[in-house]
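In: Predicted model follows, preceded by the sequence.
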Amino acid sequence: MTWKFAPRDADHRLWPWLVRGLWALFVFTVVRNAWLCDDAYIYLRSVMQLWSGHGPVWNAGWRVQAFTSPLWYALLAASRIFLTDDYIRTLLLSGLLIAFVWHRWQRALASPQQQALLLAAWLVSNGFMDYTTSGLETPLAYAVLSGFLLAYLRQQGDVLRGWPRLNIWAGLVSLTRLDLLILIAPAWFTAARRVWLQDRKTWWRGVWLAAALAGLWYGFALVYYGSPLPNPAYAKLFHGLPRRVVLAQGGRYWIGQALLDPATLLIGLVAGLALAFGRDPRGRALATGAGLYALYLTWIGGDFMAGRFVAFAYLWLVAGALILGLQPQRGHPWVVGLALTILGLYAWLFPHTPVNSPWDYEVSPDFYLQWGVGDERGRYFRYTSLLTYLVWRTQPDAPPFFPPYAWSQMGYEFRASPEPIAVVDSVGMFGYWAGPDKMVLDQWALTDPFLARLPDADGRLWRPGHYERNLPAGYLESLRTGENRLVDPTLRALYDLTVWATRAPLFEAERWMHLPAWWFARAPNP
């Protein structure tokens, strides 16, 4: 029997109006809080390089994948045909994707009470709302995760018919962020087992469909960049710090999350428990995926942006719980009303929520020093918000660069300088305004394939995902002259491998002989 969503509740005509009101508030909040983070400009500089004829790279002549989401990069690059304003185009794409996400869930959640609860849960979550914009791939991740989740939940009856659709969404998830495969893995394997037991030919057709979709990019990345993994993955994995140090930071990450955004963790936990202990085995698969993803975040030490990765699991758990576990009954509308009242009070009274966030919101970065995780929107919003952008556009004496931030100004000035190479620790805005012809080196190694394989400089000045590297003797001279001037013999060999992978002709036989060694090459700890 085909599984269907809950029937509509026609007895309470005020509920649809409440949903419309919450959606209007949601849209207003998204627009009012719209912003771009520094990392968004890594994508935009890479798009600039493509449109300048240099390819999807960070520095011209150096085949390096500096971005982590191929699908988000493709959308940003392709949409430039229609709109060249990078700032507005990025926010517009984010808005369209968020509208698509709501459209899917509005259709899936047949009860207006469920729709109201979903919108309210989104509105009170700093993590979810902060990254509806920001210029990162988050709204795209919301869209593909929603597509996968709905395809999975609709497989209850005819699993064979829905198997190809599920794999298409899985392939899109892999092109959005590879680590999201951890979140969807239990659900995918649950569905895969059912299909395998019924029809193995159909199983293989679905798997090959997902593999072909993902292989289009990762095969290209292997040939072009020399590795299917983006460079930031190497920079974040080859840091050389003891695992106990990283795990300790993973624990602090969750404490920092709880202090900055308690509603997201609490609501996500309630939804996860409802799924884990519910009667539907599909709910347990969803909860298991979220649990594995939480363990993964702990294992890697979390992230320096509060809420960014947690928001993926939050969407996953809340939407899944509303469909499988928390369906309001017709005779108890007061339960939903009470929940909405509590969420509304939290949204207005908690010191910082998306609803009551001020127009000139700004926070001190001191929180980073204690917990290694911080309010990224609060750090940049005052300078990169949509309102600031509109004011900048209308002022005749405004600076020629946006955002009006020190890194933008430094990059703009460097663009006009005779110096060909700059070494900075925050490369997004700086690299964007430096222009496509300048070489910009990143001490965190997110955009540098050689430094990414070096260990952290001293184990002191690091945040999750950001590990400072020292520039070894002779490195800058090597880049300026095109000759290997490194002093250390081990680093000389590593640099040669990097040149073979990222600068040698794509199909030169000797390059392909060196690539396997380069995939795992890393400098030892001093």
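Out: Arrived safely, thanks for sending. Only a predicted model underlies this, so the values are computations on that prediction, with no experimental measurement involved.

In: can we go C-alpha only for contacts and neighbour counts from here?
Out: Noted.

In: So in the protein, which helix runs the longest?
Out: helix 200-224 (DSSP state H).

In: and the helix or strand just after that helix, which residues are buried?
Out: Per DSSP states H and E, the first helix or strand lying C-terminal to helix 200-224 is helix 231-237. For helix 231-237, the neighbour count (16 or more other Cα atoms under 10 Å) marks 231-232, 234-236 as buried.

In: Which secondary structure elements does the helix or strand that helix 231-237 is followed by sit against?
Out: As assigned by DSSP H and E, the chain's next helix or strand after helix 231-237 is helix 243-260. If contacts are counted by 3 or more Cα pairs under 8 Å, 6 or more residues apart in numbering; DSSP states H and E, helix 243-260 sits against helix 281-299, helix 366-371.

In: Can you tell me which of these is packed in deepest?
Out: Burial of the helices and strands packed on helix 243-260 is given as mean neighbour count (mean count of other Cα atoms under 10 Å); helix 281-299 ranks first at a mean of 21.

In: Show me the contact partners of the next helix or strand after that one.
Out: Downstream of helix 281-299, the next assigned helix or strand under DSSP H and E is helix 310-324. Residues outside helix 310-324 that contact it (Cα atoms under 8 Å, 6 or more residues apart in numbering): 5, 105, 109, 114, 118, 121, 127-128, 138, 141-142, 145-146, 149, 183, 264, 267-268, 271-272, 274-275, 280, 283, 286-287, 290, 293.

In: same question, stretch 31-39
Out: 87, 91, 130, 132-136, 354, 357, 359, 376-377, 380-381, 384-387, 426-429.

In: let's see 6 Å
Out: 133-135, 381, 384-386, 428-429 (Cα atoms under 6 Å, 6 or more residues apart in numbering).

In: now that stretch: mean pLDDT?
Out: Mean per-residue pLDDT for stretch 31-39: 97.

In: from now on call the first residue 59
Out: Shifting the count to begin at 59 puts that one at stretch 89-97.

In: next one: it to chain centre, how far?
Out: 14 Å (Cα atoms, centre = their mean, to the nearest Å).

In: What of stretch 258-277?
Out: 24 Å.

In: Which residues belonging to that stretch are considered buried?
Out: 260-261, 264-269, 271-273, 275-276.

In: Would you reformat these as CSV and include pLDDT?
Out: Shown next, in CSV, are the buried residues of stretch 258-277 (pLDDT from 0 to 100):
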residue, pLDDT
T260, 92
W261, 94
G264, 93
V265, 95
W266, 95
L267, 92
A268, 93
A269, 94
L271, 92
A272, 95
G273, 94
W275, 96
Y276, 96
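
In: between these, which is nearest G220?
Out: G220 lies nearest to G264 out of the buried residues of stretch 258-277, by Cα to Cα, at 9.5 Å.

In: Identify the residues contacting that closest one.
Out: G264 makes contact with 222, 225 under the criterion Cα under 6 Å, 6+ apart.

In: Check V77 too.
Out: By Cα under 6 Å, 6+ apart, V77 lies in contact with A174.

In: Just to be sure, it is in a strand?
Out: No - V77 is assigned helix when assessed by DSSP: H, G, I helix; E, B strand; the rest coil, not a strand.

In: ok so, going back, from the contacts of stretch 89-97, pick the one nearest G309.
Out: Minimum distance to G309 across the contacts of stretch 89-97 is 25.6 Å, recorded for S192 (Cα to Cα).

In: That closest one - how many residues pack around it?
Out: Around S192 there are 27 other residues, counting by other Cα atoms under 10 Å.

In: low-confidence ranges in this protein?
Out: 59-70, 214-215, 383-391, 425-428, 517-519, 584 (pLDDT under 70).

In: Strands of that one, start to end?
Out: Secondary structure of the chain, counting by DSSP state E: strands at 479-482, 497-500, 520-521, 524-525.

In: Pull up the pairing partners for the third one, direction included.
Out: Strand 520-521 has the following strand partners under DSSP bridges: strand 524-525 (antiparallel).

In: repeat for the first one
Out: Taking DSSP bridges as the criterion, strand 479-482 sits next to strand 497-500 (parallel) in its sheet.

In: I'd like the C-alpha coordinates of the partner strand written as PDB, please.
Out: Only the C-alpha atoms of strand 497-500 are listed here, as PDB (Å, rounded to 0.1, in the frame of the first residue of the first chain):
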ATOM      1  CA  MET A 497      48.700  35.300  -7.100                       C
ATOM      2  CA  VAL A 498      47.100  35.200  -3.600                       C
ATOM      3  CA  LEU A 499      48.500  32.700  -1.100                       C
ATOM      4  CA  ASP A 500      46.500  31.400   1.800                       C
END
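
In: what's the distance between R543 and S536?
Out: 5 Å (Cα to Cα, to the nearest Å).

In: what's the most distant pair in the buried residues of helix 289-295?
Out: N289 and K294 (8.8 Å).

In: Name all residues that make contact with K294.
Out: G523.

In: can you tell me how far L194 sits from L149?
Out: Distance from L194 to L149, counting by Cα to Cα: 10 Å.

In: Looking at these two, which one has more neighbours?
Out: Under the criterion of other Cα under 10 Å, the comparison of L194 against L149 puts L194 first, with 27 against 21.

In: residues in contact with the more buried one?
Out: Taking Cα under 6 Å, 6+ apart, we find L194 in contact with A98.

In: Quick check: closest non-adjacent residue to R521.
Out: Excluding the flanking residues, the one nearest R521 by Cα to Cα, 6 or more residues apart in numbering is G430, at 5.5 Å.

In: count of residues packed around the one you found?
Out: 22.

In: Next, give phi and psi for it.
Out: When read as degrees, to the nearest 10, the backbone of G430 gives phi 70, psi 10.

In: Please look at it and W520 and confirm they touch.
Out: No - judged on Cα atoms under 6 Å, G430 makes no contact with W520 at a distance of 8.3 Å.

In: domains of the chain?
Out: With automatic domain parsing as the criterion, the domains of the chain are listed as 72-407, 467-578.

In: Adding distance to R451, write these out as TSV.
Out: TSV is the format used below for the domains of the chain (distance: least, Cα to Cα, whole Å):
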stretch	distance to R451
domain 72-407	12
domain 467-578	17
